[in-house]
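J.: the following block contains a protein sequence and its predicted model.
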Amino acid sequence: MLPLCAALLLATAGIADARKTATVGVRPGIERIQPSPRKPKDIPPATAVETRELVVRRGDTLYGMLHKAGIDNDQRTAALRAVRDLFDPSRLRPGDRIVLSLSRQDGKTVLNSLHLEMSASEDLTVELSPATPLTAESGPVQIRQVGGIAGPDFRQTLLRARLPASLIDETLKAFQYDPDFPSPPPPDGRFRMVYETTPTKTELRYMAFREGDRTHHAYRCELDPDTVAFVGSNGAGIAFVNFASPVKNPRVTSPFGWRVHPVLGDRRFHNGVDFGAPRGTRVYASADGVVTEVGWHGNYGKRIRIRHNADVETVYAHLNGFAKTLRRGMRVKQGQVIGYVGKTGLATGPHLYYEMVVAGEFVDPLAPPAVFPVRLSEHQLNTLKTALHTPL
């Protein structure tokens with residue numbers, strides 16, 4: 001994902017170019033962007049738009065009908081490629097209608113949009129206009145849109161658009177911050193999402209869902225290289241941090257909660273979890289983050305503290321030792337070896353003591369919150385809205 005809150009999205013210029021893209025739409029469901037190699041400044045002014053309606057007859061093909069309409073080979077190829085993302089043109093049947101929006105530029109017929117009416121319940125619109133692709137460290141970035149009617153099963157509507165499963169999951173999670181968002185989404189609700197694709201991944205940028213006269217918004221924001229958040233129009237939202245076990249094949253010897261201390265003998269609250277393991281067992285970072293502490297800390301013995309975002313930290317204690325390269329300020333990845341199980345400090349035997357702290361409060365590491373509350377500054381929110389907002 002291009003950084004949004006730190007470097008806030010190539011400013012607004014990049015998204016402005018991205019909006020001048022080809023859009024493919026399906027009702028009840030889908031719109032998609034297909035970029036064109038020409039830049040907007042190279043586009044000559046268009047003349048008046050002409051609408052032409054074609055009726056499919058036996059033996060007709062979409063390619064052939066576009067050819068008869070005077071559409072050149074490059075435009076026919078681009079239109080077919082866009083349509084095939086969502087619909088097999090061979091499914092067209094006699095009686096189906098094709099509505100073309102055409103204009104003239106430099107004496108040439110230009111296809112602006114193509115609308116297919118295949119049945120009373122399904123149709124497809126392809127809007128074609130030039131775009132400027134963006135780039136990022138991970139390679140070229142394609143900005144695309146999907147929009148339409150939610151339908152009786154919102155997930156199935158998105159699946160019919162042939163969207164990646166990871167993008168669909170992210171889309172459905174994006175509104176978890178909004179207690180007023182209807183579940184399930186109403187079938188007649190309208191949605192629009194903007195997402196980006198690179199050679200290695202596909203990520204949601206923006207999502208809006210309209211029910212009646214109310215619209216819910218979800219803006220993607222990377223709070224730091226390790227933390228993705230989705231926020232609403234007021235800047236409030238949620239951040240996602242996925243935690244893994246800090247040891248393989250974990251064996252809990254003392255859970256989170258009240259207990260009698262095994263050394264001191266008094267009843268006190270256990271702020272973390274003890275994982276029993278042999279001395280020297282590898283300890284892993286449970287999530288991406290930055291090391292804020294490496295060293296001895298009183299009864300904790302040898303301890304590591306990792307900050308995962310502004311509100312979330314994990315602590316690893318009673319260690320026998322640390323990974324050789326581990327240093328304060330170092331960024332670590334989930335699953336990276338950071339230390340080794342021991343019994344330093346106040347401990348009766350070798351084990352890992354593991355804590356999780358959220359907004360200054362201890363939480364059960366075995367049941368971490370699925371999401372964490374966040375709120376953007378007014379400046380960050382306004383920049384995001386300017387860069388990402390696509391009205392329904």
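T.: Done, it's in. Numbering: from 1, shown residues only.
J.: the closest residue to residue 54 other than its chain neighbours: helix or strand, and which one exactly?
T.: Leaving aside its sequence neighbours, residue 54 sits nearest to residue 98 (CB to CB, 6 or more residues apart in numbering; 4.4 Å). All C-beta atoms are positioned from the backbone trio N, CA, C, and that covers glycine. Counting by DSSP states H and E, the element that carries residue 98 is strand 97-105.
J.: mind listing the strands that strand pairs with, and their directions?
T.: Here strand 97-105 is paired, per DSSP bridges, with strand 50-55 (antiparallel), strand 108-117 (antiparallel).
J.: one step back: bridging residues for the residue nearest to residue 54?
T.: residue 54, residue 116.
J.: looking at the strands paired with strand 97-105, which is buried most?
T.: Among these, ranked by average contacts under mean count of other CB atoms under 10 Å, first place goes to strand 108-117 (a mean of 19).
J.: mean confidence score for that one?
T.: Strand 108-117 comes out with an average pLDDT of 78.
J.: again, but for stretch 338-345
T.: 96.
J.: pretty sure residue 154 contacts residue 185?
T.: Yes: with contact defined as CB atoms under 8 Å, residue 154 reaches residue 185; the gap is 4.8 Å.
J.: quick check: neighbours shared by the two?
T.: When contacts are counted by CB atoms under 8 Å, 6 or more residues apart in numbering, the set common to residue 154 and residue 185 consists of residue 191.
J.: would residue 146 count as being in a strand?
T.: Yes: counting by DSSP: H, G, I helix; E, B strand; the rest coil, residue 146 falls inside a strand.
J.: ok, what's across the strand from it?
T.: Applying DSSP bridges, one finds that residue 146 bridges with residue 193.
J.: roughly how far does it sit from residue 76?
T.: Relative to residue 76, residue 146 is positioned 24 Å away (CB to CB, to the nearest Å).
J.: who has more neighbours, these two?
T.: Higher neighbour count among residue 146 and residue 76: residue 146, with 27 against 18, using other CB atoms under 10 Å.
J.: wait, the more buried one touches residue 162, no?
T.: No: using CB under 8 Å, residue 146 makes no contact with residue 162, being 10.2 Å away.
J.: give me the contact list for the one helix or strand residue 357 maps to.
T.: Using DSSP H and E, residue 357 maps to strand 351-358. With contacts defined as CB under 8 Å, 6+ apart, strand 351-358 is touched by 243, 246-247, 253, 271-277, 281, 283, 286, 300, 311-319, 341, 343, 347, 362-365, 368-369, 372.
J.: now the element after that strand, going C-ward?
T.: For strand 351-358, the following helix or strand on the C-terminal side (DSSP H and E) is strand 361-363.
J.: could you give the bridge partners of residue 267?
T.: In beta-bridge terms (that is, DSSP bridges), residue 267 pairs with residue 260.
J.: thought it was touching residue 258?
T.: Yes: if you go by CB under 8 Å, residue 267 and residue 258 touch, sitting 6.5 Å apart.
J.: buried ones in the strand holding residue 98?
T.: 98, 100, 101, 102 (16 or more other CB atoms under 10 Å).
J.: try stretch 276-292
T.: Judged by neighbour count using 16+ other CB under 10 Å, the buried positions of stretch 276-292 are 276, 277, 281, 283, 284, 285, 286, 287, 288, 289, 290, 291.
J.: gap between the second one and residue 375?
T.: In this structure, residue 277 and residue 375 are separated by 39 Å, where distance is defined by CB to CB.
J.: now swap in the fourth one and tell me
T.: Remark: distance between residue 283 and residue 375 (CB to CB) = 33 Å.
J.: what do you get for the third one?
T.: According to CB to CB, residue 281 and residue 375 sit 39 Å apart.
J.: same check, this time on the last one
T.: Residue 291 sits 26 Å away from residue 375 when distances are taken as CB to CB.
J.: before we move on, what about the fifth one?
T.: Look at residue 284 and residue 375: by CB to CB, they are 31 Å apart.
J.: before we move on, what about residue 73?
T.: On the measure of CB to CB, residue 73 and residue 375 end up 52 Å apart.
J.: do residue 99 as well
T.: For residue 99 relative to residue 375 (CB to CB), the value is 46 Å.
J.: residue 243 now?
T.: Applying CB to CB to residue 243 and residue 375 gives a distance of 22 Å.
J.: and those two? Which one has more around it.
T.: residue 243 (17 against 12).
J.: pretty sure that one contacts residue 367?
T.: No: here residue 243 does not reach residue 367: they are 10.3 Å apart, not a contact under CB under 8 Å.
J.: show me where the stretch 251-392 of the chain has its helices.
T.: Along the stretch 251-392 of the chain, counting by DSSP state H, counting those that start in this stretch, helices occupy 378-388.
J.: shaky segments in it?
T.: In the predicted model of the stretch 251-392 of the chain, residues 261, 263-264, 387-392 satisfy pLDDT under 70.
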